[in-house]
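# Predicted model and sequence follow; I will ask about them next.
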Amino acid sequence: MKTTCFTCLESVTAVRRIERGLELELDPQLREFLRVEVIRNDIIRLKISRNRNFDEAPTYAVCAELKLEKPEFSTEEDDRLVRVRTARMTATIYKHPFRIEAHRADGSVILESYQDEEKRWWSYATLNDEFVVRRKCRPEDAFFGLGEKTGRFNRKGRNFTLWNTDVLDPSIAGGCQVHPTGDPATDPTSTEFDPYYISIPFFYHMPNMCDAMSGFFFDNGYRSRVEFEQSLEYLIHFEGGQYTEYIFAGPSMREILSSYTWLTGRMPPPPLWSLGYHQCRWFAYTQSAFERLAQNIRENNIPCDALWLDIDYMDGYRVFTWDKNRFPDPPAMLKRLCDQGFSVITIIDPGVKYEHGYAVFDEAVKRDVLCRTEGGTLYLGQVWPGKTAFPDFVSAEARKWWGELNADHVRSGLSGIWNDMNEPATGDIAYGAMRFDKGRFSHERYHNQYALLMAMGTVEGLLDAMPDKRTFVLSRAGSPGIQRYAANWLGDNVSRWDHLWMGIPMSLGLGISGQPFVGADIGGFMGNSSPELLARWFQCGSLAPFCRNHNNANQADQYPWAYGHTVQKLCRTSLELRYRLLPYIYSSFIKASETGSLVQKPLIFDYQSDQTTREIDDEYLFGDHLLVAPIYTQGCTSRQVYLPEGTWYHWHTDEKFSGRKFVVAPSPMDYIPLYARGGAVIPTWSRPPQSTMGYHAESITLHFFIPDADGEYPSMLHEDDGQTFAFRNGAFYRTEFRLRREGASITLQSSVSGNGYPEFARKRFLLIFHGPEFDRISINGHKAQFVDDVITLVNSGSDFYLEAELNSTKPAS
Ligand code: GLC
């Protein structure tokens, strides 16, 4: 973008110490302040005042109690510069001319301001309410993050707009249509279309030939542009709001993500049922048709936990109503579905039909909780119900009202809420006139945060009404912090092979931007799927954090049975694998909720020093120990898979591979390549249930994958009631496994914490070993017996210790 008219801040005129660092006065003319503040020893925050004022809460992203942190730091000053130094990083501000640098304690670069041909430094420049920051990079550097973006996982070489956009609405009154210049594509179905539904101004920079990364989070919700197109600089531009940036020292992606999610919050533990299979379709079901769907699912033995109702369940698209002709008795229907193990989720859009006499609208008017225009009238858009008003979620009162409505709505027996059109999408009517907080704030300030605020109201309302119940909300749009309240799906994708691939880097990008609970619509939303595409998509989607099949109205069916017996069998087998893996998947989610880690991980997350992993975005790690390589081209029956360092076992054939190389993996229609990491202990259910509801397994199978290399390998199984917050008071069992290999000797220490929970039913572990055979094996000092390659270990939540000696004369493969 052109920055010619921007004014660069040029010098530091005064410096004073403040509680967390330094405050500098900048520029004799503009006289703005820069605060350099230490948040923790790996996070420094920079902010620059506007008209000498600071906005102390620019967005709803940050939720960490910063005041509780008392990091140690020191400051230095001489004629040339000032410094703020922690044990892990240093921010250096040069005074004349003004420029910023940051380094890690070992001297490696975190950031350097860019100097243009006219020798101007672009640490910060303004024009009207806009600002721009330009920084140095090299042609071969890599950039990751920015949340939900199409295209390659490594963002280098492309420019991005951050502005929540309903991508498939042909009449969108903004986003891509108003600012087409420089966008990678203007076709909303392209795999490089930008902008998208979710905007997260947080990214990672990884210099070439270096395995250290740094992270940058701009706490600003305005429309912005991030340019990675140039070889020697990258640029961040915001159309409004204050410059507030959190700089993360890294050097690992894991540490940066952990710090970023400490700052902006982590996904809460999800209810177990939400990790099952979700069957969705935009279709005008009647109550009996919906129940027939449930019956079909059970008759076809498709494991499934959740059924979804799209907009047609409502009375004329009026939110929080039911169409009484189609659904004469929702509570009775929901009760019957619950008896068959189904949770039901309905869609709730933000648009409230403008109609006097409709209770939700009347109440909203009475409470004055709808968005207004500058002139003070109600803002009206046009969405499904026609003329539509929009809740003013910026006001706490509106969020509370919305929360109460949601709580009342789910009392009929619903289990979750689906938030759509929350970019906000306003159809044919331009959204710009929609203002917030009773008309006080511009649209631009809150547009990107609208979905976050909506989810906040929803979840707070549900928790107020049902404090014991974990919530499940799915949102289309989002901004930093959305992970605290909702999962995200990838919106309206297309039933095309390239969109099957696109979901991989997109989910990975969202994951490393703080949102681990993601998934694309299996089978594709728009257009018709094909038998092969649907089967391949099920194979991939069953190994994604959020697993939902969804399809547009007026399109060919894509239920698992839609393409006949063979495809149905493939879909069922994929889902059965997911259901068998649920103890592992659930443990991965719990870990992610505690540490801010991921469920679906790019290879680089675990293998940062391996340069090959930078460009790999057609495979991923699922949990800590599985590597998934989806098939995303038609007719493909083998593919190249990169296996990083270590030992890898093919899940379906047990064949063993040594990593740090590419292998060619056969991919018959029965499965996609899936590998388990050597050293892992992967807990599975011994048989896949049809639903997780009320399912408390008596036995858990533990798959041990023997590593080639000596060392210690951790794994974990977390078990709790899967529904409430009782785990916070110790109602869980957590089994930590430490597998050690030293030559031919294998030991495993399993240590249990937690006090258990009433539904706990496990009586035994079934142990299965993958890899070399054993000469002898004992558990808790007693010789153990294999029966049909399985050792049965009676265990209801106690520690155990295993010792084994590998048979050195008989390698497994
Ligand atoms: C939007 C959603 C889609 C939904 C449709 C009807 O296009 O993205 O998932 O089915 O609206 O509600």
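Arrived safely. Numbering: from 1, shown residues only.
# Can you list phi and psi of the closest residue in space to R614 that isn't next to it in sequence for me?
Counting by Cβ to Cβ, 6 or more residues apart in numbering, R614 lies nearest to A142, which is 5.1 Å off, once chain neighbours are set aside. C-betas here are computed from N, CA, C, even on glycine. Note on A142: backbone dihedrals following degrees, to the nearest 10 are phi -120, psi 150.
# A142 contacts Q611, doesn't it?
No: proximity of A142 to Q611 does not meet the contact threshold set by Cβ atoms under 8 Å, at 9.6 Å.
# More neighbours: which of those two?
Comparing A142 with Q611 by neighbour count (other Cβ atoms under 10 Å), the higher total belongs to A142, at 21 against 15.
# need the residues of the stretch 401-550 of the chain near the ligand, please.
Residues of the stretch 401-550 of the chain found near the ligand (Cβ under 6 Å from any ligand atom) are 420, 476, 491-492, 525, 550.
# got the residues you listed as JSON lines, with neighbour count and pLDDT columns?
Rendered in JSON lines, the data for those read as follows (neighbours: other Cβ atoms under 10 Å; pLDDT from 0 to 100):
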{"residue": "D420", "neighbour count": "25", "pLDDT": "98"}
{"residue": "R476", "neighbour count": "26", "pLDDT": "98"}
{"residue": "G491", "neighbour count": "22", "pLDDT": "97"}
{"residue": "D492", "neighbour count": "21", "pLDDT": "95"}
{"residue": "F525", "neighbour count": "26", "pLDDT": "96"}
{"residue": "H550", "neighbour count": "23", "pLDDT": "98"}
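# which stretches of this protein have low pLDDT?
Low-confidence segments of the chain, defined by pLDDT under 70, are located at 169-185, 809-813.
# So which residues on it come close to the ligand?
Within reach of the ligand by Cβ under 6 Å from any ligand atom, the chain has these residues: 282, 310-311, 347, 420, 476, 491-492, 525, 550.
# Of the residues you listed, which pair is most distant in space?
The two members of these with the most space between them (Cβ to Cβ) are I311 and G491, at 15.3 Å.
# Which residue, other than its chain neighbours, is closest to the residue most central in space within the chain?
Taking Cα atoms, centre = their mean as the criterion, Q515 is the residue nearest the geometric centre of the chain, at 2.2 Å. Spatially, and ignoring its direct neighbours in sequence, Q515 is nearest to Q483 (4.5 Å; Cβ to Cβ, 6+ apart).
# coming back round to it: want to try a markdown table for the residues of the stretch 401-550 of the chain next to the ligand, with secondary structure as columns?
Supplementary listing: these in a markdown table, determined by DSSP: H, G, I helix; E, B strand; the rest coil:
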| residue | secondary structure |
| --- | --- |
| D420 | coil |
| R476 | coil |
| G491 | coil |
| D492 | coil |
| F525 | coil |
| H550 | coil |
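# Quick check, the residue in the chain closest to the ligand?
Going by Cβ to the nearest ligand atom, the ligand is nearest to W282 of the chain, at 3.8 Å.
# quick one: the closest residue to P201 other than its chain neighbours from P58, how far?
With sequence-adjacent residues excluded and distances taken as Cβ to Cβ, 6+ apart, P201 is closest to F218, at 4.1 Å. From F218 over to P58 the distance is 9 Å, taken as Cβ to Cβ, to the nearest Å.
# now T244
With distances taken as Cβ to Cβ, T244 is found 5 Å from P58.
# With L802 instead?
The spacing between L802 and P58, counted by Cβ to Cβ, is 53 Å.
# now Q690
Separation of Q690 from P58 (Cβ to Cβ) stands at 48 Å.
# likewise Y649?
According to Cβ to Cβ, Y649 and P58 sit 48 Å apart.
# out of those two, which sits in the more crowded spot?
A count of neighbours by other Cβ under 10 Å puts Y649 above the other of Y649 and P58, at 24 against 19.
# what sits opposite the more buried one in the beta ladder?
K656, A676 (DSSP bridges).
# Am I right that it is in contact with I682?
No: Y649 is beyond contact range of I682, at 10.0 Å (criterion: Cβ under 8 Å).
# Common neighbours of those two, please.
Each of 676, 705 lies in contact with both Y649 and I682 under the rule Cβ atoms under 8 Å, 6 or more residues apart in numbering.
# What's the separation between D775 and R16?
When Cβ to Cβ is the yardstick, D775 and R16 sit 72 Å from each other.
# Compare neighbour counts for those two and give me the winner.
Summary of the neighbour comparison: D775 and R16, criterion other Cβ under 10 Å, with D775 having more neighbours (13 against 9).
# Hmm, L806 and the more buried one touching each other?
Yes: taking Cβ under 8 Å as the contact criterion, D775 and L806 are neighbours in contact, 7.0 Å apart.
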